[in-house]
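Trainee: My questions concern the predicted model and sequence given below.
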Amino acid sequence: MRAVVVAHGDVLPSDRAVIDAKDYLVAADGGALALERWKLPPYLIVGDMDSLGDAGVERFARQGIAVAKFSAAKDESDLELAVAQAIAAGATEIVLLGALGGERLDHETANLLLLADPARDPPAGERRRRGRHHDGSALPAARRNAPLRPRSRSEQRGRVAPREGHGS
């Protein structure tokens, strides 16, 4: 299952096209506001609800949308909690929207670090990366098992060769 997790960062109108009708939509707190603008109700809203406030939480709850409210004194960001909920729901692919931008640089930094967290990596057999070959490797089959060797100067396209006597 593919999940789309929407955070409260900069969400562009063109991001709406990324969401498919079959996607499991999770909003990280204020990310619910972007989904509301697009008239796409999330399955779940996760976070401390500091962006939505009590009135926003009540508005979404009246629509039958599940809200998982966490204490503001937590170790995880709202986006991290939302990603964990998507994984718990069975997501094997997660698309993040609104993870960058917004008013808080600390949140943007935490979101970038979330992408690098090895604990969030799927098992090797389940990895999917765009721009990779069908087996998940970044190299074509002919180069995959080739021994590493320095490139000859003729292979160094676009590189400037050092001048004589300067470290060649």
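Mentor: Received the coordinates, thanks. Numbers count the residues shown, from 1 in each chain.

Trainee: doesn't Pro42 make contact with Phe89?
Mentor: Rather than Phe, residue 89 is Ala. No - assessed by CB atoms under 8 Å, Ala89 is found out of contact with Pro42, at 11.8 Å. C-beta coordinates here come from the backbone N, C-alpha and C atoms, glycine included.

Trainee: between these two, what contacts are shared?
Mentor: Residues touching both Ala89 and Pro42 (CB atoms under 8 Å, 6 or more residues apart in numbering): Val26.

Trainee: neighbour-wise, which of the two wins?
Mentor: Comparing Ala89 with Pro42 by other CB atoms under 10 Å, the one with more neighbours is Pro42, at 25 against 13.

Trainee: check contacts around that one.
Mentor: So Pro42 contacts Val6, Leu25, Val26, Ala27, Gly31, Ala32, Leu35, Ile65 (CB under 8 Å, 6+ apart).

Trainee: Check whether it sits in a helix, strand or coil.
Mentor: coil (DSSP: H, G, I helix; E, B strand; the rest coil).

Trainee: Just the pLDDT for it.
Mentor: If you check Pro42, the pLDDT there is 96.

Trainee: Roughly how far does it sit from Leu105?
Mentor: For Pro42, the distance to Leu105 (CB to CB, to the nearest Å) stands at 26 Å.

Trainee: try Asp20
Mentor: In this structure, Asp20 and Leu105 are 31 Å apart, going by CB to CB.

Trainee: next one: Ala86
Mentor: Ala86 is 25 Å from Leu105, by CB to CB.

Trainee: Same question for Gly53.
Mentor: Noted for Gly53: a distance of 23 Å to Leu105, by CB to CB.

Trainee: can you check Ile19 too?
Mentor: Distance, Ile19 to Leu105, by CB to CB: 27 Å.

Trainee: Quick check: buried residues in stretch 76-87?
Mentor: Buried residues in stretch 76-87, defined by neighbour count with 16 or more other CB atoms under 10 Å: Glu76, Ser77, Asp78, Leu79, Glu80, Leu81, Ala82, Val83, Gln85, Ala86.

Trainee: And the contacts of that stretch?
Mentor: For stretch 76-87, using CB under 8 Å, 6+ apart, the contacting residues are 3, 5, 7-8, 24, 26-29, 31, 44, 46-48, 68, 70, 74, 94, 96, 99, 107, 110-111, 114, 120.

Trainee: Alright, calling it a day.
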